[in-house]
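**Student:** sequence isn't available, so here's the structure alone:
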DNA sequence: TCGTTGATTGACGAAGCGTCAATGTTTGAC
DNA sequence: GTCAAACATTGACGCTTCGTCAATCAACGA
């Protein structure tokens, strides 16, 4: 007798297999090169079996997305837990993001596909909810830091602005940056270290907000090195991306 | 006898017809709802004729993109020509962008499609070049303002940073913002005026760069109203988007 | 008037998504 | 050990869509 538990394990393993295969194909051959028949062939199961795990191609892509988004949220939590100045913790989020990109270079590409295609209701409700939950979770981590900063007197936010204003600025810059560097014709930016500029712009904006200590009063380059080493065990300097 | 000139005009008119129809379909039924047969039916020409104007579906989308990108570049030029403080001219670019979005709400969606799909060589070389030219042109407009600001003593940029650093910050925020607000699940940001935050963040970053006059020393809200009225003949306040 | 040149058409091949009847496998009752 | 019911798997098939191309049509000049 095959117990339900073992069956469950097998199903889970197969789902992983499908996801890993799909991700590899997406990376290798692009969105147009990803197709269900090829996945079926690669995993040596029939197409019908794949459709027992995912309701559609878009649903599969959404699953890929949730997968890495969760990893990202986890890294954000780790970053926010860094024991230091509130502005260092913001910096830690930026570092988490950069390292995340390094580890999952295709995440944003997958996310873009969803924004285009998911509009129709092709995705499992359950998966969509999960997606929203993870996003909200990340926002909450960021809001937490802003709250702490205000409580500690490191930051003041005008009354007519929501608390999330500065973090929205970081968020938009990060999203915009990764969208720009992954867009097709990069010629207009040739020979420019966009990564270094991004870091600098984070700092300029936070300076503008008066988030203490200002970049002139603190060596955030050193903080960055410390954070990437102690929190994520990687080397990642603000200078060279 | 049909002169070559008239024939040329007719071709151009039909190209416009195809583009307009395609754009409408894209807006109404999304990317998946855009298909060549439907366009052919709508314009009352056969599919083959469409393929005499565009080498592929992606090529058609690229043409749509070039179309609006050019309009955007034009508005950027107008904005940069505003006769005022250099920082007001930067603001004018932001306003140009916001008005552009209002006028061409689907532009970024179309652009995203290209980033995904164009990777393969499905687009006419000529169209790709045009794409790059327009982008470079916009960058140059922005670089011009930064150059003027430095010359006027309104702004200093550290030696180790390229001149385009602050404008890259504006660029990333704009791209990120429009990507976020057009992405599917907006729930995490419910009830927040992201537009107002964007404007504020532009100002915070420029303040951080010390681009004079600082936002505390100048009523940029008034400038914004003036610019949108005199340059673009529209009302567009920084507060409410 | 008529042949040539070029534009236009739409049926067709190819490729991909998602379905479902048919087939295979596991389970638990006896 | 047997067997029927429940469940899992398969892949051929229907459907949609892209892009092509042989056949058809229209304009022009001789």
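**Tutor:** Arrived safely, thanks for sending. Here the structure is a predicted model, which is why all the values come from computation and not from measurement.
**Student:** interface residues of chain A facing DNA strand C?
**Tutor:** By C-beta under 7 Å from any atom of the strand, the residues of chain A that approach DNA strand C are A:1-3, A:7, A:34-38, A:47-48, A:51, A:56-58, A:122. The C-beta positions use only the backbone N, C-alpha and C, and glycine is treated the same way.
**Student:** let's see that with 10 Å instead.
**Tutor:** For chain A, the residues in contact with DNA strand C (C-beta under 10 Å from any atom of the strand) are A:1-4, A:6-7, A:29, A:31-40, A:46-52, A:54-61, A:117, A:120, A:122.
**Student:** so where is chain A shaky, pLDDT-wise?
**Tutor:** For chain A, the stretches with pLDDT under 70 are A:1-4, A:118-120, A:184-185, A:237-241.
**Student:** centroid-nearest residue for it?
**Tutor:** Nearest to the mean C-alpha position of chain A, by C-alpha atoms, centre = their mean, lies residue A:72 at 4.5 Å.
**Student:** contacting residues for it?
**Tutor:** A:96-97, A:100, A:104, A:107, A:134, A:138 (C-beta atoms under 8 Å, 6 or more residues apart in numbering or on different chains).
**Student:** nearest to residue B:167 among those residues?
**Tutor:** Checking the contacts of residue A:72 against residue B:167 by C-beta to C-beta gives residue A:97 as the nearest, at 21.8 Å.
**Student:** shouldn't that closest one be in contact with residue A:171?
**Tutor:** No - the criterion here is C-beta atoms under 8 Å, and residue A:97 misses it with residue A:171 at 9.4 Å.
**Student:** what is in contact with these two at once?
**Tutor:** Joint contacts of residue A:97 and residue A:171 (C-beta under 8 Å, 6+ apart) do not exist.
**Student:** of the contacts of residue A:72, which are in range of chain B?
**Tutor:** residue A:138 (C-beta under 8 Å from any C-beta of the partner chain).
**Student:** tell me the most packed of the contacts of residue A:72, by neighbour count.
**Tutor:** residue A:96 (26 neighbours; other C-beta atoms under 10 Å in any protein chain shown).
**Student:** and it, how far from residue B:54?
**Tutor:** According to C-beta to C-beta, to the nearest Å, residue A:96 stands 43 Å off from residue B:54.
**Student:** next: residue A:58.
**Tutor:** 26 Å.
**Student:** then residue A:157?
**Tutor:** Residue A:157 is 50 Å from residue B:54, by C-beta to C-beta.
**Student:** what do you get for residue A:34?
**Tutor:** From residue A:34 to residue B:54 the distance is 25 Å (C-beta to C-beta).
**Student:** do residue A:168 as well
**Tutor:** 39 Å.
**Student:** who has more neighbours out of those two?
**Tutor:** Under the criterion of other C-beta under 10 Å, the comparison of residue A:168 against residue B:54 puts residue A:168 first, with 25 against 22.
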